[in-house]
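Undergrad: Just to be clear, the model below is a prediction. Sequence and coordinates:
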Amino acid sequence: MGSKYQESVRVWLPLWALMLEVVSIVLFFFFTSYSASVSEQKKLLRNYRDFQDVFIMATLGFGFLNTSLRRHCWSSIAFNLFLLALGVQLAVLLDGLLIEISLRKMVIDMPRIQRATMSAISVLISAGVVLGKVNLLQLVIMTLIEVTVFSATRLVGMNYLNMDNHVSMMYIHMFAAYFGLTVVCCLQKPLPNASEDKDQTATSPSLFTMLGTLFLWMFWPSFNSALLDIAEERKMAVFNTYYALAVSTVTAILMSALVHPKGKINMTHIHNAALAGGVVVGAPSNLIHYPWLAMVLGFLAGMISIGGVKYLQACLQQTLELHDTYGVHYTFGLPGLLGGIVNIVLMALQAQGIDKSTRGYQVLINVGALGFTIIMGVTSGLLTGLLLNLNIWKSTHKVHYFDDQSFWKFRRLAVGY
Amino acid sequence: MGSKYQESVRVWLPLWALMLEVVSIVLFFFFTSYSASVSEQKKLLRNYRDFQDVFIMATLGFGFLNTSLRRHCWSSIAFNLFLLALGVQLAVLLDGLLIEISLRKMVIDMPRIQRATMSAISVLISAGVVLGKVNLLQLVIMTLIEVTVFSATRLVGMNYLNMDNHVSMMYIHMFAAYFGLTVVCCLQKPLPNASEDKDQTATSPSLFTMLGTLFLWMFWPSFNSALLDIAEERKMAVFNTYYALAVSTVTAILMSALVHPKGKINMTHIHNAALAGGVVVGAPSNLIHYPWLAMVLGFLAGMISIGGVKYLQACLQQTLELHDTYGVHYTFGLPGLLGGIVNIVLMALQAQGIDKSTRGYQVLINVGALGFTIIMGVTSGLLTGLLLNLNIWKSTHKVHYFDDQSFWKFRRLAVGY
Amino acid sequence: MGSKYQESVRVWLPLWALMLEVVSIVLFFFFTSYSASVSEQKKLLRNYRDFQDVFIMATLGFGFLNTSLRRHCWSSIAFNLFLLALGVQLAVLLDGLLIEISLRKMVIDMPRIQRATMSAISVLISAGVVLGKVNLLQLVIMTLIEVTVFSATRLVGMNYLNMDNHVSMMYIHMFAAYFGLTVVCCLQKPLPNASEDKDQTATSPSLFTMLGTLFLWMFWPSFNSALLDIAEERKMAVFNTYYALAVSTVTAILMSALVHPKGKINMTHIHNAALAGGVVVGAPSNLIHYPWLAMVLGFLAGMISIGGVKYLQACLQQTLELHDTYGVHYTFGLPGLLGGIVNIVLMALQAQGIDKSTRGYQVLINVGALGFTIIMGVTSGLLTGLLLNLNIWKSTHKVHYFDDQSFWKFRRLAVGY
């Protein structure tokens, strides 16, 4: 098994990464240039700050979010950085090539890089499900497929299904969660003992995970308002996200104490439920005109998230043998789905001056867009899972990706992380 | 004792939190709306950035500041987030209901949320004193009382005692420190052995505490300048805070080496004294026209802070049985008091064109405002302490708030935090 | 040996620091005032945000970058903060006194503090090389010399060698790396055994180091664009830095897997190589008009960095007995040198409308400026190294700077940091 690892990952990973970088540089050479418009440059400052918030979420937030599994804390941060760097390059190219299909050079500006970073976050979410079950080479393949499919999904949704830039991006949580869950369903199951062992370590929480959670928590309002252009909508998105996050955090603590037989608080519940509030108001954030509605949604998200982890997780694990270590389904999947439904309801309620049949047609289109996103996530996840199951890049679960000597020294010294 | 814990915290905490959330949502439903003015929206960007700095301080800074006590590092971060989320909701409502007493709907805008976050920081400071001595239910009660009293104190100070928005907010350090210290005085003393045990663990410092300290340190200039409207004063507040922090940091290192018999440096001194410089220039930050004055104040703050920890702490612990584990008195209390006095002196010196008796009257009013803030802090702290001493929500000090299994696994694995 | 430590560090450190603070306050008293111009104040907001990014890099980024050495993680963070606070004060004074030589009071504004913070970063880079080999008193001496010489070098370069503000600052990586390496060459060698012991611990990586790396990684675009005034150049500097960082990160992973006999990834490689991309595009960041060029530079930087650590480090350690624990030479030194050369080439290529001989003269001047910076770094490093070798402030390597009791408890508890 060790030799397999060496053959596949050792040789192929550098080759693949090198090839990808060369292809990427060549594509950038032929197809990109910097914007020369002056008006664009004046807006740089504002765009740069908005972009930085999203970038901090991607780098620090998702990097540290999945560090609680003792064996994979290194993988989590280093792979997160690697996948982000790779995914952003790919997404910038796809954003230009797919969305503005043309032969002239595409212009690189801050909004494009911001959209690319947000698209690359889909990989970071899915990586939370598959982490520890695939090797780095498989993650690279997954990145290539997921970013491409997500960009294509957004393109189709925006061109044919009446979605705007904001909503099609906010479906990312749902897309990424169901993509990752489908991939992990397809992967070969580890031996029961190994799984048992991993489960145990999974319960040891980490202050670093809390650090990642807090970074996501703080900058979530920037994420939810990033693609809104009208100042009015932007402001409401920011406020609604704050309210939803505040309430889902309080709900997380109270639900966690409630579901525990002795009334104690489980830190993994906090990680999941505190963020669920930000996910749920993502899509409808610009349609919520009253703080109380955002608060109610945050409350529901917190309940769904903890209820899901407590009651649904064991059920899914038995029936589908689905192993969702970090509860991605309950942090991103279900709250994202709820947010999508709320978005459709609010759009229908707020559509004025149109007759009933048009409104019905609109609702149907919106439901179709929501369903299309999920179906694309599941289908591409299935494809990816089957592809990753091929023997060519398989390695065993017992092989570490990091330098043995330092890794074991690290484990011996800092077993607690 | 276990059963007591179950009855009080297990049942009452979720019920209380649920009830508070429901009441909060209902109040928001009836009394709040989003601002629709266009001029407001244009200022969103600037306000949003200013707010974010304060929010990072509240979430990450105070969250990680009190993680050095091994047994309470989890409590510190999770409770901090919970209290912040609860306190901000309460403070937004109070800010609207108390300060703009009216029956029409109050408008939610960024400055209001920023003021609310700053008011909620009073709870986070006080929590540093009582952490490990009260349970979460008691902390919820404390939050309700402290945020209400602090908002009322600011209201009275601004309406009747000639304080402006900035100064009344900057007295928060003093208010919160003396509130917390009074509460802890009133609480039943733990058994000497238990206290001994906690003291021991308290000396084990933590890189996470340093992370919290650095986040507070970096964004303190934003805190001190947040409520100043004139660009000139804002700029001076920022610069003065940087200078005071730089000098208090250098002073912290040199004083720490000086007071140690072998010239070694104590990390807890650094945590305390590095921040004292930011506290001391809080109130007078807009009145200091020369960098050297801010530097002298930073120097004094560093000396007071470390001198206090070294010589006053043992004295207070013996006479009042006051157990100030994290040195909140020396980081926030005494430097805040010094800052208040400096503020009064500078206001008297800079008041021009008024005769002597008016000036004397003004000084008297200012001293009254300072004293009023402290008295309100001590009185409400006393009330809170007596209330928390009631048997209804008492639990023992041996009960953990976190899921036992994961907690103990965590401790076994990561004893170093 | 213990007594020596007490005599030198215990007595002299507080005295030196106190004296420096007093001198600093006196100089600020006589020579500084706040700006009163109104136009300046309007730009405060933008300048403040730009400054904050650099400040976060200096405080958190460099603070946590060198925490992987178990015995020095505390020193790294606390000393970093101390040296930063000291270095900024000194650099503000030097910036005013050297660059604007005059007897009138100099005006303190945000750009000046930003430049001072950037200059102080030179000490933080050099400290990465000497950490664990000198005591705090020696670091204070080093700070005084290095900041002064770096300011003087910039002054000479800008006045006589045709360098602009941006390029002369971007040579800081190179200057600081060679300064630190020369100092460490001059210092007395520790006993072979001790060195062995330190090497061992050095391989245990740390999540905190990754945190520092990520903070530097995220805000590097702000650093590289901080001193550019034209919006067009600023924008390109930001974009180029992002591309270079993304590619150097991918390269870091692939090179690290390639050079390891079993294809595993070494975390210290990631720390080094991920940042090298930001260093290499520092100087030429405003001259690169195409993303692909920045990507190629990032690729080269990643290769040089990991190749250097793998093959050059052992060689240098044997021949020069150079002990570069954190690989500062390969993160900052070599990529900075490459960036300088690329800058000269691009300037020559882009110079239009001038005849050949003028262009040749210009290239010569630029090469001279690059060489001058390195020579100043090496010369002043040599001087500093010889000065620090004097017996007056020497202490042994076995003495800890932190309170014994808490330090040992900390080590016992948290050996993993």
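TA: Right, received. Where do you want to start?
Undergrad: So A:Gly282: helix, strand or coil?
TA: coil (DSSP: H, G, I helix; E, B strand; the rest coil).
Undergrad: Go ahead and confirm it touches A:Ala226.
TA: No: counting by CB atoms under 8 Å, A:Gly282 does not reach A:Ala226; the two are 10.6 Å apart. All C-beta spots, glycine's among them, are computed from the backbone N, C-alpha and C.
Undergrad: more crowded one of those two?
TA: Neighbours per residue (other CB atoms under 10 Å in any protein chain shown) separate A:Gly282 from A:Ala226, with A:Gly282 holding more: 29 against 24.
Undergrad: Could you check how far the more buried one is from A:Leu181?
TA: As judged by CB to CB, to the nearest Å, A:Gly282 and A:Leu181 stand 19 Å apart.
Undergrad: same check, this time on A:Phe31
TA: Per CB to CB, A:Phe31 is found 34 Å from A:Leu181.
Undergrad: more crowded one of these two?
TA: Per other CB under 10 Å, whichever of A:Phe31 and A:Leu181 has more neighbours is A:Leu181, with 24 against 19.
Undergrad: Name the residues of the helix or strand where that one lies that are buried.
TA: Using DSSP states H and E, A:Leu181 falls within helix A:172-186. If you call a residue buried by 16 or more other CB atoms under 10 Å in any protein chain shown, then helix A:172-186 has these buried ones: A:172-185.
Undergrad: what's it packed up against?
TA: Packing partners of helix A:172-186 (3 or more CB pairs under 8 Å, 6 or more residues apart in numbering or on different chains; DSSP states H and E): helix A:110-130, helix A:136-160, helix A:328, helix A:334-350, helix A:356-388.
Undergrad: So which of those helices is nearest B:Ala257?
TA: helix A:110-130 (44.5 Å; CB to CB).
Undergrad: Just confirm yes or no for the closest one near chain B.
TA: No: judged by CB under 8 Å from any CB of the partner chain, helix A:110-130 makes no contact with chain B; its nearest approach is 14.6 Å.
Undergrad: how close does A:Leu144 sit to chain B?
TA: The spacing between A:Leu144 and chain B, counted by CB to the nearest CB, to the nearest Å, is 34 Å.
Undergrad: excluding its backbone neighbours, what's nearest that residue?
TA: Nearest residue to A:Leu144 in three dimensions, chain neighbours excluded: A:Leu90, at 6.8 Å (CB to CB, 6 or more residues apart in numbering or on different chains).
Undergrad: A:Leu275 now?
TA: A:Thr331 (5.3 Å).
Undergrad: Surely the one you found touches A:Val279?
TA: Yes: using CB under 8 Å, A:Thr331 is in contact with A:Val279, at 6.9 Å.
Undergrad: going on from the host helix or strand of the residue nearest to A:Leu144, what's the next piece of helix or strand?
TA: Under the criterion of DSSP H and E, A:Leu90 resides in helix A:73-94. As assigned by DSSP H and E, the chain's next helix or strand after helix A:73-94 is strand A:106-108.
Undergrad: Contact residues of the stretch 51-200 of chain A facing chain C?
TA: So the stretch 51-200 of chain A meets chain C at A:52, A:55-56, A:59-60, A:63-64, A:67, A:73-74, A:77-78, A:81-82, A:85-86, A:88-89, A:108, A:113, A:136 (CB under 8 Å from any CB).
Undergrad: What residues does the residue lying closest to A:Gly368 once chain neighbours are set aside make contact with?
TA: Using CB to CB, 6+ apart and skipping the chain neighbours, the partner closest in space to A:Gly368 is A:Leu161 (6.1 Å). Each residue near A:Leu161 by CB atoms under 8 Å, 6 or more residues apart in numbering or on different chains is listed here: A:365, A:368-369, A:372.
Undergrad: Buried by neighbour count, from the residues you listed: which ones?
TA: Buried by 16+ other CB under 10 Å: A:369, A:372, out of the contacts of A:Leu161.
Undergrad: just to revisit the earlier point, in CSV, list the C-alpha atoms belonging to the helix holding A:Leu181.
TA: Output of helix A:172-186 as CSV, limited to C-alpha atoms (Å, rounded to 0.1, in the frame of the first residue of the first chain):
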residue,chain,number,x,y,z
ILE,A,172,-23.1,27.8,-3.2
HIS,A,173,-23.6,26.4,0.4
MET,A,174,-26.3,24.0,-0.8
PHE,A,175,-24.4,23.1,-4.0
ALA,A,176,-21.1,22.5,-2.2
ALA,A,177,-22.7,20.5,0.7
TYR,A,178,-24.6,18.1,-1.6
PHE,A,179,-21.7,17.8,-3.9
GLY,A,180,-19.4,16.8,-1.0
LEU,A,181,-22.0,14.5,0.5
THR,A,182,-22.5,12.7,-2.8
VAL,A,183,-18.8,12.3,-3.3
VAL,A,184,-18.3,10.8,0.1
CYS,A,185,-21.2,8.4,-0.5
CYS,A,186,-19.4,7.0,-3.6
